[in-house]
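>>> The following block contains a protein sequence and its predicted model.
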Amino acid sequence: MLIINGTVHTMDGPVMEHGYVAVAGSKIAGVGPMSERPANWEGEVIDAEGGHICPGFIDAHCHLGMFGDAVGFESDDGNEETDPCTPQLRAIDAINPLDRCFSEARAAGVTTVLTGPGSANPIAGQFAAVKTDGRWVDGMIVCAPVSMKLALGENPKQVYHHRDETPVTRMATAAIIRENLRKAVEYGEKLDKAARDEETDPPDYDAKLEALLPVVRGELPVHIHAHRADDIATGVRIAKEFDLKCVIVHGTESHLIPELLAQEDIPVITGPALGDRCKPELANMSLETPAVLCRTGVPFAICTDHPEVPVQYLPLCAALAVKGGLDGETALAAITINAARIAGLDGALGSLTPGKEADLVVTSRHPLELLGRVKAVFIGGGRV
């Protein structure tokens, strides 16, 4: 397949005003100006007609497929509100790929999402990165688990306060996280000792601690739900204590403490900023947050937190960051290459680089322009 006559946003190089993208099988085979387009091309040729060609959009944090669209409790599988520590939960066991929001995501050019449990529990479970095209989740997985979800702030407090159970304070939320991380460290030490010494019995199998082992060993990052600045600081504190790979999710007040995040080199998946201030910790929500993070040198991506903002409005969320002071290409990077980098998926996704997966979007105008149309979407080289 050869897509021609478009403005090409490679995301790892300069924008090409009049260029082409070549696809061979499921991979990007070449990118360049139209003056260098392959001669005697034998495959399909698609004319972008002066539109724009960019990588498929990546939503770095959402709950797509976890909460059924326009359905009640029967399809509400995003929060196990019976235990504040549930690291053994796997998003892939709850994702419903036939939820119609997947088709809405594809139609809008969102080709990959990081989706998983909500923020009811201090330790909520394992997120997965999946493509948005498919009928069974096993064939859609890009990486599972891609992260372990932790949650600070109001949400765990609200859930367990109504049950008269721990945690009902921020102190207890942090204590639960610390306690279980420490248990996982000790569990791993016992496993290692048993492996070295045949006379030492290994500990009894523990599903929760098994799930936390890659976290405390630095193999699996934690994505920490935190809105308020003090919650963000708590997340950073815990990550430093246990030497965790850490990403702050939402970071509504991250623009108030960007130096802390820059100093620790901790990325932020910011958003959504399209919506009302429905709880106190959103009081300082601002469209300028991504621009402040950018100026301070904090790596960031932009998310929808679907269903908080429907996943198809991911480009709109990025466009609102432009309204808040970000330039257009940086905002586009926040839902393509930067989202892929933060997710650890940039070796295969996020830019129009030869050898990467052919997830592509063709639009009539700049990809973030509200009045533009999505003309074609490709996932793995196939039109969807």
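Good, I have the coordinates.
>>> CA only for contacts and neighbour counts going forward, please
Fine.
>>> where along the stretch 151-300 of the chain do the helices fall?
Here the stretch 151-300 of the chain has its helices, by DSSP state H, counting those that start in this stretch, at 154-161, 170-196, 207-216, 229-242, 258-264, 289-296.
>>> Out of those helices, flag the one nearest residue 351.
Closest approach to residue 351 among the helices of the stretch 151-300 of the chain (CA to CA): helix 289-296, 19.4 Å.
>>> thinking again about what came up before, now mean neighbour count and distance to residue 77 too, for the helices of the stretch 151-300 of the chain, in CSV please.
What follows is those, written out as CSV (neighbours: other CA atoms under 10 Å; distance: least, CA to CA, whole Å):
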stretch, mean neighbour count, distance to residue 77
helix 154-161, 19, 15
helix 170-196, 17, 22
helix 207-216, 20, 19
helix 229-242, 18, 25
helix 258-264, 16, 32
helix 289-296, 21, 30
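>>> Reformat those as JSON lines; add distance to residue 54 and mean pLDDT.
JSON lines is the format used below for the helices of the stretch 151-300 of the chain (distance: least, CA to CA, whole Å; pLDDT from 0 to 100):
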{"stretch": "helix 154-161", "distance to residue 54": "36", "mean pLDDT": "96"}
{"stretch": "helix 170-196", "distance to residue 54": "40", "mean pLDDT": "98"}
{"stretch": "helix 207-216", "distance to residue 54": "33", "mean pLDDT": "98"}
{"stretch": "helix 229-242", "distance to residue 54": "33", "mean pLDDT": "98"}
{"stretch": "helix 258-264", "distance to residue 54": "28", "mean pLDDT": "97"}
{"stretch": "helix 289-296", "distance to residue 54": "21", "mean pLDDT": "98"}
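>>> can you redo the ones you listed as TSV with distance to residue 344?
Converted to TSV, the helices of the stretch 151-300 of the chain look like this (distance: least, CA to CA, whole Å):
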stretch	distance to residue 344
helix 154-161	27
helix 170-196	22
helix 207-216	15
helix 229-242	18
helix 258-264	18
helix 289-296	19
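>>> Can you check which of those gets nearest to residue 73?
Among these, the nearest to residue 73 by CA to CA is helix 154-161 (16.0 Å).
>>> okay, now residue 364: neighbour count?
19 (other CA atoms under 10 Å).
>>> next one: phi and psi at it?
phi -80, psi -30 (degrees, to the nearest 10).
>>> So it is in contact with residue 51, correct?
Yes - the criterion here is CA atoms under 8 Å, and residue 364 meets it with residue 51 at 4.4 Å.
>>> pLDDT score assigned to the residue nearest to the spatial centre of the chain?
Nearest to the mean C-alpha position of the chain, counting by CA atoms, centre = their mean, stands residue 60 at 1.7 Å. pLDDT recorded at residue 60 is 98.
>>> host element of it?
Residue 60 belongs to strand 57-62 when elements are defined using DSSP states H and E.
>>> tell me what that strand is packed against?
Under the contact definition 3 or more CA pairs under 8 Å, 6 or more residues apart in numbering; DSSP states H and E, strand 57-62 sits against strand 110-115, strand 300-302, helix 314-323, helix 337-343.
>>> from the ones you listed, which stretch is densest packed?
strand 300-302 (a mean of 30; mean count of other CA atoms under 10 Å).
>>> related to what we said a few turns ago, contacting residues for the residue nearest to the centre of the chain?
Counting by CA atoms under 8 Å, 6 or more residues apart in numbering, residue 60 touches 113-115, 269, 301-303, 335, 339-340, 342-343.
>>> Let me have those in CSV, extended by pLDDT.
CSV is the format used below for the contacts of residue 60 (pLDDT from 0 to 100):
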residue, pLDDT
113, 98
114, 99
115, 98
269, 98
301, 98
302, 98
303, 98
335, 98
339, 98
340, 98
342, 98
343, 98
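>>> Looks to me like residue 129 is in a strand.
Yes - according to DSSP: H, G, I helix; E, B strand; the rest coil, residue 129 belongs to a strand.
>>> I'd say residue 349 and residue 340 touch.
Yes - with contact defined as CA under 8 Å, residue 349 and residue 340 form a contacting pair (6.2 Å).
>>> sorry, back to before: can you list the contacts of residue 60 in JSON lines and add distance to residue 194?
JSON lines is the format used below for those (distance: CA to CA, whole Å):
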{"residue": "113", "distance to residue 194": "39"}
{"residue": "114", "distance to residue 194": "36"}
{"residue": "115", "distance to residue 194": "36"}
{"residue": "269", "distance to residue 194": "39"}
{"residue": "301", "distance to residue 194": "42"}
{"residue": "302", "distance to residue 194": "44"}
{"residue": "303", "distance to residue 194": "43"}
{"residue": "335", "distance to residue 194": "45"}
{"residue": "339", "distance to residue 194": "40"}
{"residue": "340", "distance to residue 194": "38"}
{"residue": "342", "distance to residue 194": "35"}
{"residue": "343", "distance to residue 194": "33"}
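>>> related to what we said a few turns ago, with distance to residue 188 as added columns, please give the helices and strands packed on strand 57-62 in TSV.
Below are the helices and strands packed on strand 57-62 laid out as TSV (distance: least, CA to CA, whole Å):
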stretch	distance to residue 188
strand 110-115	27
strand 300-302	32
helix 314-323	39
helix 337-343	25
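>>> of all these, which lies closest to residue 182?
Closest to residue 182 of these is helix 337-343 (CA to CA; 25.0 Å).
>>> who touches that closest one?
Contacts to helix 337-343, defined as CA under 8 Å, 6+ apart, come from residues 11-12, 58-60, 146, 247, 267, 269, 299-302, 333, 346, 349-351.
>>> Quick check on the residues you listed: which are buried?
In terms of neighbour count (16 or more other CA atoms under 10 Å), the buried residues within the contacts of helix 337-343 are 11, 58-60, 146, 247, 267, 269, 299-302, 333, 346, 349-351.
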